[in-house]
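A.B. asks: Sequence first, predicted model second:
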Amino acid sequence: MSPSDVANAIRARVAAELLAELQSLEDLAASVADMGAQPSTRMHALALAFQLERYYTGAEALLSRALRAMDGDVPSGGSSHQEILRAASVAIDGLRPAIVSNEVFLQLRDLLAFRHYARHGYDAEPRSNRVGEIAGLLLQMHPALVACIRRFADWLSRSGDGT
């Protein structure tokens, strides 16, 4: 197998893995939609907050996989979550296009801020109205994120054939 064949196989594998992981995000977004964007009880708000955390974690894992495969590294350290989003929103000339659009980057950043609060705010529970706002943001942003990931996976699949 030539180096070019190996590179093409790796790109095809990464594209397939991204699309498979995207299904998990689709399922989580459907779960958020099924739960309704406005929590009706304290337990509903907590359950919805948990699903929002899971969605963001899945999105970040998907972006990390793409960055590791294409850039050879993933940001680490104290601000790694923000840096992963930033790296995914930047095109690298001669290497890869941006994985997500600037709009999706900004919306994921808002979701990250909520996730951080929900995960680390041990002294306070997420407010129902804020959980509802973030659920609405996720449902509004999700189709754009899906389109970005599908576009990137398509680019990966085509990048080895000279297009």
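C.D. replies: Great, that's in hand. Numbering: from 1, shown residues only.

A.B. asks: which residues touch the residue most central in space within the chain?
C.D. replies: Centroid-nearest residue in the chain: residue 59, 2.2 Å away (criterion: Cα atoms, centre = their mean). Each residue near residue 59 by Cβ atoms under 8 Å, 6 or more residues apart in numbering is listed here: 25, 108, 111, 145. Heads up, the C-betas are built off the backbone N, CA and C, glycines and all.

A.B. asks: would JSON lines of those residues with secondary structure be doable?
C.D. replies: Listed next are the contacts of residue 59 as JSON lines, based on DSSP: H, G, I helix; E, B strand; the rest coil:
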{"residue": "25", "secondary structure": "helix"}
{"residue": "108", "secondary structure": "helix"}
{"residue": "111", "secondary structure": "helix"}
{"residue": "145", "secondary structure": "helix"}
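
A.B. asks: out of the residues you listed, which are buried?
C.D. replies: For the contacts of residue 59, a burial check counting by 16 or more other Cβ atoms under 10 Å picks out 25, 108, 111, 145.

A.B. asks: wait, which of the residues you listed is closest to residue 63?
C.D. replies: Among those, residue 108 lies closest to residue 63 (Cβ to Cβ), at 8.3 Å.

A.B. asks: so what's that closest one up against?
C.D. replies: Contacts of residue 108 by Cβ under 8 Å, 6+ apart are 56, 59, 85, 100, 141, 145.

A.B. asks: Any chance of a markdown table for those residues, columns pLDDT and secondary structure?
C.D. replies: Shown next, in a markdown table, are those (pLDDT from 0 to 100; DSSP: H, G, I helix; E, B strand; the rest coil):
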| residue | pLDDT | secondary structure |
| --- | --- | --- |
| 56 | 96 | helix |
| 59 | 97 | helix |
| 85 | 97 | helix |
| 100 | 98 | coil |
| 141 | 97 | helix |
| 145 | 98 | helix |
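
A.B. asks: Format the buried ones among the contacts of residue 59 as TSV; extra columns: distance to residue 152.
C.D. replies: Below are those laid out as TSV (distance: Cβ to Cβ, whole Å):
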residue	distance to residue 152
25	14
108	14
111	19
145	11
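
A.B. asks: Poorly predicted segments of the protein, please.
C.D. replies: Applying pLDDT under 70 to the chain flags the ranges 119-126, 160-163.

A.B. asks: let's see 80
C.D. replies: 37-40, 116-129, 159-163 (pLDDT under 80).

A.B. asks: residue boundaries of the helices in it?
C.D. replies: 3-35, 42-71, 80-88, 102-120, 128-159 (DSSP state H).

A.B. asks: Reformat these as TSV; add distance to residue 96.
C.D. replies: Below are the helices of the chain laid out as TSV (distance: least, Cβ to Cβ, whole Å):
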stretch	distance to residue 96
helix 3-35	10
helix 42-71	5
helix 80-88	10
helix 102-120	15
helix 128-159	8
